[in-house]
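Asks: got a predicted structure plus its sequence, pasted below:
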Amino acid sequence: MQLSIHGRSVLLERCAAQPCRHPLLKFSFIAVAVLFFPLWGWFTGQAFAQKPNTLTPALLAQQKKHNETALMILGGFPGTPYFGLAHDIATALGSRGPRLLAVDAPGGTESLRDLLLLRGVDLALVPANALAYANETTSLGPGLQQRLSYITQLYGEEVHILVGHGIRSLGDLNGKKIAVPPRDGNSEFTAHDLLRRFRINAEVVEVAAPDAIDEVRSGTFAALLLVGGKPLRFVAGLPKDGSLRLLAVPSTQPLGDGYSPTGLRSDDYPTLIPDEQTIDTVSVSVLIVANNTAKSDESNRRITRFIPAFFYALSDLTGPQWHPKWSEVNLAAPFAGWSRFAAAEEWLDRAKREQMALIQRGFEEFLSATRSPGSPALSPKARSELFEEFARWTRNSMGKPGLAAGRP
């Protein structure tokens with residue numbers, strides 16, 4: 001049966017109003033679908049394929065420059081010491097060097113895992129005890145000392161253990177509960193690590209510090225463990241009511257490369273420590289660590305540009321508005337068993353040479369000004385001894401090694 005155009009349109013209208021039973025029209029719909037949809041896909045694919053890139057050459061160049069002048073560092077979660085530390089560095093850098101993007105991180109060995117595995121991360125703030133543990137146990141794989149390098153050590157953060165009545169030594173913590181701040185992976189790792197090293201069986205629980213203090217006072221928790229640079233504002237603000245005390249952490253037992261013996265004094269916490277007394281404890285150094293494996297040339301360039309800008313910025317971080325711990329940083333201090341990032345090693349070598357040349361010039365000027373004409377020449381031994389004395393005095397007046405090199 002042949003249909004006119006008009007007839008077909010009428011039939012289509014009827015089919016739209018009710019189910020179509022005409023066999024010819026059913027066949028037509030199928031044929032159109034088979035032919036039309038592949039063609040539609042082809043046309044739309046061509047349209048997308050031929051769509052011009054919305055980024056102009058100028059924008060592409062700007063995008064590349066923007067990425068080359070910014071790098072990411074793993075710090076800590078908000079409220080933790082490493083969060084503030086990473087943001088201190090970023091603020092001090094300002095506009096003098098690469099833009100530092102501080103990224104929240106879990107702390108402990110998990111920050112190391114993120115540094116090794118996450119894309120786009122250039123650096124991480126890592127506690128020395130977590131680095132030593134991961135290397136000893138190969139929990140993150142073998143050859144960690146070849147896969148990671150450090151830029152520098154920063155400063156040591158002290159272990160604070162607040163206890164109530166009935167806890168006189170670490171052994172008294174056995175079988176008890178110990179509180180650590182929530183989302184502070186460094187304190188949590190340190191608690192587990194110290195318990196393991198001292199062979200103490202205790203449960204570590206995350207509790208907000210103000211709540212934990214009440215629980216320690218009531219005896220529900222035996223202790224609250226905090227890791228941070230002294231004086232911790234929270235600890236220094238505790239009242240002198242005798243309900244809390246700082247527990248000593250003896251350093252007589254070897255604790256490995258991740259710890260250093262230190263003390264908490266009455267000057268640090270006058271409400272908790274009697275005058276002229278010291279509570280023995282340990283500190284954990286903060287390191288800036290870079291990933292040596294599968295690192296792109298672009299990331300290496302970013303880190304290389306960051307190093308001199310950061311090293312120069314350290315002198316600004318010793319101001320009164322910053323934490324007093326920043327004044328303890330010694331760039332030249334090595335971290336035993338680990339390699340320093342090549343650009344950092346080169347910068348320090350150059351700074352030492354420049355400092356020594358400056359001292360030598362000053363020494364010659366000192367001799368000219370203090371020795372009268374015609375004085376007998378100094379013997380090599382006397383000259384060497386006098387130079388060493390002059391060099392020590394000059395270094396003390398100039399600051400720590402590595403900070404005396406001229407600014408760019």
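Replies: The structure has been received and is ready for your questions. Numbering: from 1, shown residues only.

Asks: now do the strands in the stretch 51-200 of the chain.
Replies: 70-74, 99-103, 123-127, 148-163, 177-180 (DSSP state E, counting those that start in this stretch).

Asks: show me where pLDDT drops low in the stretch 51-200 of the chain?
Replies: 51-53, 58, 60-68 (pLDDT under 70).

Asks: so for A313, which of the strands of the stretch 51-200 of the chain sits nearest?
Replies: For these, proximity to A313 was assessed by CB to CB; strand 99-103 is nearest, at 9.9 Å. In short, each C-beta sits where N, CA and C put it, glycine included.

Asks: gap between the closest one and the chain center?
Replies: Taking CA atoms, centre = their mean, to the nearest Å, the mean C-alpha location of strand 99-103 is offset from the chain mean by 10 Å.

Asks: so it versus strand 70-74, what angle?
Replies: 30 degrees (axes from the mean of the first three to the mean of the last three CA atoms, to 10 degrees).

Asks: walk me through which strands strand 99-103 pairs with, and which way each runs.
Replies: If you go by DSSP bridges, strand 99-103 pairs up with strand 70-74 (parallel).

Asks: and the angle from the partner strand to strand 123-127?
Replies: Here the directions of strand 70-74 and strand 123-127 differ by 20 degrees (the same axes, to 10 degrees).

Asks: just the residues contacting strand 70-74, thanks.
Replies: 86, 89-90, 98-103, 105, 111, 114-115, 120-125, 288, 299, 302-303, 306 (CB atoms under 8 Å, 6 or more residues apart in numbering).

Asks: quick one: buried ones out of these?
Replies: 86, 89-90, 98, 100, 102-103, 105, 111, 114-115, 121-125, 288, 299, 302-303, 306 (16 or more other CB atoms under 10 Å).

Asks: dig out what the closest residue to L116 other than its chain neighbours forms beta bridges with.
Replies: Nearest residue to L116, sequence neighbours excluded (CB to CB, 6 or more residues apart in numbering): N291, at 5.9 Å. Note on N291: beta-bridge partners L148, judged by DSSP bridges.

Asks: list the contacts of N291.
Replies: Neighbouring residues of N291 by CB under 8 Å, 6+ apart: 115-116, 121-122, 147-148.

Asks: distance check, it against G120.
Replies: N291 sits 11 Å away from G120 when distances are taken as CB to CB, to the nearest Å.

Asks: how about L317?
Replies: 26 Å.

Asks: and for T109?
Replies: Using CB to CB, one gets 20 Å for the distance from T109 to G120.

Asks: got the buried residues for stretch 321-337?
Replies: Those would be 323, 325-326, 329, 331, 335, for stretch 321-337 by 16+ other CB under 10 Å.

Asks: now do it: distance from first to last residue.
Replies: Taking CA to CA, to the nearest Å, stretch 321-337 runs 35 Å from one end to the other.

Asks: and the helices in the protein?
Replies: Along the chain, counting by DSSP state H, helices occupy 5-17, 23-49, 57-68, 81-93, 108-117, 128-137, 144-147, 185-197, 209-218, 233-236, 297-313, 342-370, 380-398.

Asks: helices or strands up against the longest one?
Replies: For helix 342-370, the elements it packs on are strand 148-163, helix 297-313, helix 380-398, judged by 3 or more CB pairs under 8 Å, 6 or more residues apart in numbering; DSSP states H and E.

Asks: check the fourth one too.
Replies: For helix 81-93, the contact count by 3+ CB pairs under 8 Å, 6+ apart identifies strand 70-74, strand 99-103, strand 123-127, helix 297-313 as packing neighbours.
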